[in-house]
Each structure stands twice: as C-alpha cells, then as structure tokens.
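S.K.: Return a 3D structure for these sequence lines:
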Amino acid sequence: STTSESASAPKQSVQSLSLTRALNTASNRAVRRILLSRSWPSAEALNLSLRTVLMQQQRKEEEADAVVEAGLAGGEEEDKAKCPVPRPILNILVNRKEDSKD
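M.R.: Have a look, this model is predicted:
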C-alpha cells in the first residue's frame, strides 16, 4: 500500500506541474490577446496589421530565396568566395604581411 502511494505521488506532482504550465500558457495567451486588442481600434484593423506584417515577411523570404538562386545560377561567382573583410582593411593587412616577409 505504501509503495503504491509513493508511486502515485510523483504522478500527481507531474500532473499538477503540467496543469499549472497549461494554465499559465492559456492565461498568458489571453493577456496578450487583450493587450493586442486594446492597441488597435478594431478587430479588422488588427487583422489588417497582422496580414501586412505576414506579407512583408513572406516578401523578404522570397527576395532572399531569389538572391540565393541568382548567386547559384552565376556559375563563376559560386567559385569565388567573397571576403568578409572590407577592401581597405584587407589591403592594410596584406601590405603589413608583405612588409614583414621582406
């Protein structure tokens, strides 16, 4: 009997923890919705704002994909790796390296 009681205690604790987490998640979601709804004059304005943001994100992703595809279609450009160091700084570093060899 004591073994079954001690085994059920962790189950209750886990269930309690998951129920608490679920309740917190639901209440946080509700609070966010309330705050969002008060920030816009109407539900239609909120929906329009959210759709606009989504369209902008999709457009940026499409542009990024197009840039990647254009870079891959370049052929020779794929073989040449671009240096992340700006050219003036690279020139200084290369000149110093050559000076130290002499």
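
S.K.: any chance you could map the helices in the protein?
M.R.: Assigned by DSSP state H, the chain shows helices spanning 2-39, 43-73, 76-79, 87-101.

S.K.: okay, the ones you listed in TSV with mean neighbour count and mean pLDDT next?
M.R.: Where C-beta positions appear, they are placed from N, C-alpha and C, glycine not excepted. Shown next, in TSV, are those (neighbours: other CB atoms under 10 Å; pLDDT from 0 to 100):
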stretch	mean neighbour count	mean pLDDT
helix 2-39	10	73
helix 43-73	10	83
helix 76-79	9	52
helix 87-101	9	74
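
S.K.: who's in contact with Leu93?
M.R.: Leu93 sits next to Val85 when contact means CB atoms under 8 Å, 6 or more residues apart in numbering.

S.K.: gap between it and Val85?
M.R.: Relative to Val85, Leu93 is positioned 7 Å away (CB to CB, to the nearest Å).

S.K.: Next one: Pro88 relative to Val94, how far apart?
M.R.: Separation of Pro88 from Val94 (CB to CB) stands at 11 Å.

S.K.: cool, and Pro84?
M.R.: Distance of Pro84 to Val94, computed by CB to CB: 15 Å.

S.K.: Then Ala26?
M.R.: Taking CB to CB, one finds Ala26 at 60 Å from Val94.

S.K.: what's the answer for Ala70, then?
M.R.: Applying CB to CB to Ala70 and Val94 gives a distance of 30 Å.

S.K.: now do Thr20
M.R.: Thr20 is 61 Å from Val94, by CB to CB.

S.K.: again with Leu17
M.R.: If you go by CB to CB, the gap between Leu17 and Val94 works out to 60 Å.

S.K.: repeat for Glu61
M.R.: The gap separating Glu61 from Val94 is 37 Å, by CB to CB.

S.K.: repeat for Arg32
M.R.: Distance, Arg32 to Val94, by CB to CB: 53 Å.

S.K.: Nice, that's everything, thank you.
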